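J.: I'd like to go over a predicted model; first the sequence, then the structure.
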Amino acid sequence: MNALKKIIYQWISRKFMNGCSSYNSLEVRKSCRSKQQARAVFATGNVPHAKGEIFLNPFAAIRFAREHGFPLVIKPNVSGFSRGSHFPINSFKELWKAIFFAKLWWPTTVVEQYLEGRNYRVVVAQGKIMSVLQRYAPFVEGNGHDSISTLIDAENSVREQMGLYPCIHPLQKGSVTQHFLKKKNYTLDTVPAKGEVVNLFYRISLAPGGVVRTIEKQTIPTVNQTLFKDVLELFDANILGIDVIFEKGIEFDYRDQKCIFLEVNSRPYLKMHDFPRYGKKEDLSGYFEELDQLNITQTEIF
């Protein structure tokens, strides 16, 4: 049985965890595995987070929607890289569809309020803010004369020239992109106005072509930095990748705007910090030197 577990763990590591760090103990990793666990810890520390529920029966999500309204988010209780997540959901028809697909990933599912805003990954390590990225769904920006198809080709060429592949993925023109554009009465031949941002998919993730921007840490108010460090302490972790949405932006005091903490990642995907589409690549070697001094065991056990 132990040999079988070892094979399964190695397969999971190769398939889903390539590029992810491993600087937390097994106990910490287990303590922040699910959204439900994160929500409970956020509540004890008065960390702002969205109202939500964990459910097995889909009618619990329907009841939540009737009580709190739309927009909502549906996501598996256990997942990574935004797999199985659906947002923003603005109708009961979309809700039922999202529940079906989320449960293909995991039997228990999360429904929670959705906040339109700016999406960030904040990595906190050893009591310090290590790196902050703003994350974007795949998009193109119109110039007033090129079609979406041409803009996609141009953006993919830039990514190739910047050496972002394979960590960052090219924008797609397939059926998924065309179906998403159709919801907005757009096609690949549509010519967006100059400065118009056209999202090509809803999910903020690298796999469908999303990108990241490096945020300079000195632009983040002390009160926000303290909040992130407090979250690290709440989980008693060496390092966490904290996913958070700010209504106005991380450069503004979180108390003066809507802000929700989404989840924490005990094995954050640090590789993407080396491939920002916007902003400067940071030198994180000093942080890694400190983290590499840690004696972490059971790194291949989940």
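T.: Good, I have the coordinates.

J.: What helix or strand is residue 281 located in?
T.: Element membership for residue 281, per DSSP states H and E: none, as it lies in no helix or strand.

J.: Numbering from 22 from now on, please.
T.: Fine by me, first position is 22 from now on; the one you just mentioned is residue 302.

J.: From residue 234, how far off is it?
T.: Distance, residue 302 to residue 234, using Cβ to Cβ, to the nearest Å: 11 Å. C-beta coordinates here come from the backbone N, C-alpha and C atoms, glycine included.

J.: between those two, which one's more packed in?
T.: Between residue 302 and residue 234, counting by other Cβ atoms under 10 Å, residue 234 is the more crowded of the two (15 against 10).

J.: for the more buried one, helix, strand, or coil?
T.: Secondary structure assignment for residue 234 (DSSP: H, G, I helix; E, B strand; the rest coil): strand.

J.: So what sits opposite it in the bridge?
T.: Following DSSP bridges, residue 234 is listed with bridge partners residue 155, residue 299.

J.: Quick one: residues contacting it.
T.: 154, 155, 157, 297, 298, 299, 300 (Cβ atoms under 8 Å, 6 or more residues apart in numbering).

J.: Adding neighbour count, distance to residue 125 and pLDDT, write those out as a markdown table.
T.: Putting the contacts of residue 234 into a markdown table (neighbours: other Cβ atoms under 10 Å; distance: Cβ to Cβ, whole Å; pLDDT from 0 to 100) gives the following:
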| residue | neighbour count | distance to residue 125 | pLDDT |
| --- | --- | --- | --- |
| 154 | 22 | 28 | 98 |
| 155 | 20 | 29 | 98 |
| 157 | 18 | 26 | 96 |
| 297 | 21 | 32 | 98 |
| 298 | 16 | 30 | 98 |
| 299 | 12 | 33 | 97 |
| 300 | 14 | 35 | 96 |
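
J.: any weak-confidence spans in the stretch 172-321 of the chain?
T.: 318-321 (pLDDT under 70).

J.: The contacts of residue 234: which two are farthest apart?
T.: Farthest pair in those (Cβ to Cβ) is 157 and 300. Separation: 11.7 Å.

J.: Show me where the chain has its helices.
T.: Remark: helices assigned in the chain by DSSP state H are 23-37, 47-52, 56-65, 79-89, 113-123, 169-182, 196-203, 243-255, 306-312.

J.: Compare those and give me the one nearest residue 96.
T.: helix 113-123 (6.0 Å).

J.: Which strands or helices does that closest one pack on?
T.: helix 79-89, strand 93-97, strand 107-110 (3 or more Cβ pairs under 8 Å, 6 or more residues apart in numbering; DSSP states H and E).

J.: Return the most buried member of these.
T.: Among these, the stretch with the highest mean neighbour count (mean count of other Cβ atoms under 10 Å) is strand 93-97, at a mean of 24.

J.: and residue 144, how many neighbours does it have?
T.: 24.

J.: Can you tell me who it pairs with across the strands?
T.: Note on residue 144: beta-bridge partners by DSSP bridges are residue 152, residue 262.

J.: Is it possible to get CSV of the helices of the chain that adds distance to residue 216?
T.: Formatted as CSV, these follow (distance: least, Cβ to Cβ, whole Å):
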stretch, distance to residue 216
helix 23-37, 38
helix 47-52, 43
helix 56-65, 36
helix 79-89, 34
helix 113-123, 29
helix 169-182, 12
helix 196-203, 18
helix 243-255, 29
helix 306-312, 37
